[in-house]
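K.L.:
mind looking at a prediction? Sequence and model below.
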Amino acid sequence: MCRNIKTLFNFEPPATEDEIHASALQFVRKLSGFNKPSQANEEAFNRAVAEVSDAARRLLTSLHTHAPARDREVEAERAKERSRLRFG
């Protein structure tokens, strides 16, 4: 799985459209192997990003949990600490 794709579910405030789009873009880049597609592939690439964004948005709005929403700042600090421990 691409390490740049972040968990978007169960955060307060909820994931923004930009975060969902960025996640979809990373996913399509990983699948296609293109960071930026050629002109010949640009339409298919952009369509895939839009479709993955739509699917992700539908998924996020349909999921339910009883767990309390996570705080973005706290999770970011935890990720930084894990990275510091891992890479020094």
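P.N.:
Received, thanks.
K.L.:
where do the strands sit along the protein?
P.N.:
With DSSP state E as the criterion, the chain has strands at 11-12, 70-71.
K.L.:
residues making contact with the longest helix along the chain?
P.N.:
Longest helix of the chain, by residue count under DSSP state H: helix 39-62. Residues outside helix 39-62 that contact it (CB atoms under 8 Å, 6 or more residues apart in numbering) are 8-9, 14-15, 17, 20-21, 23-25, 27-28, 31-32, 34, 37. Every residue, glycine included, has its C-beta placed from N, CA and C.
K.L.:
repeat that for 7 Å
P.N.:
8-9, 15, 20-21, 23-25, 27-28, 32, 34, 37 (CB atoms under 7 Å, 6 or more residues apart in numbering).
K.L.:
next one: stretch 18-28
P.N.:
Residues external to stretch 18-28 that are found in contact with it (CB under 7 Å, 6+ apart): 2, 4-6, 8, 45, 48-49, 52-53, 56-57.
K.L.:
I'd like the average pLDDT over it.
P.N.:
Stretch 18-28 carries an average pLDDT of 95.
K.L.:
swap in stretch 47-59?
P.N.:
97.
K.L.:
distance from the chain centre to it, please.
P.N.:
Centre-to-centre, stretch 47-59 and its host chain are 11 Å apart (CA atoms, centre = their mean, to the nearest Å).
K.L.:
make residue 1 into 31 and carry on from there
P.N.:
Fine by me, first position is 31 from now on; the one you just mentioned is stretch 77-89.
K.L.:
for that stretch, buried residues please.
P.N.:
Under the neighbour-count criterion of 16 or more other CB atoms under 10 Å, stretch 77-89 has 78-79, 82-83, 86-87 buried.
K.L.:
I'm done for today, thanks for sticking with me.
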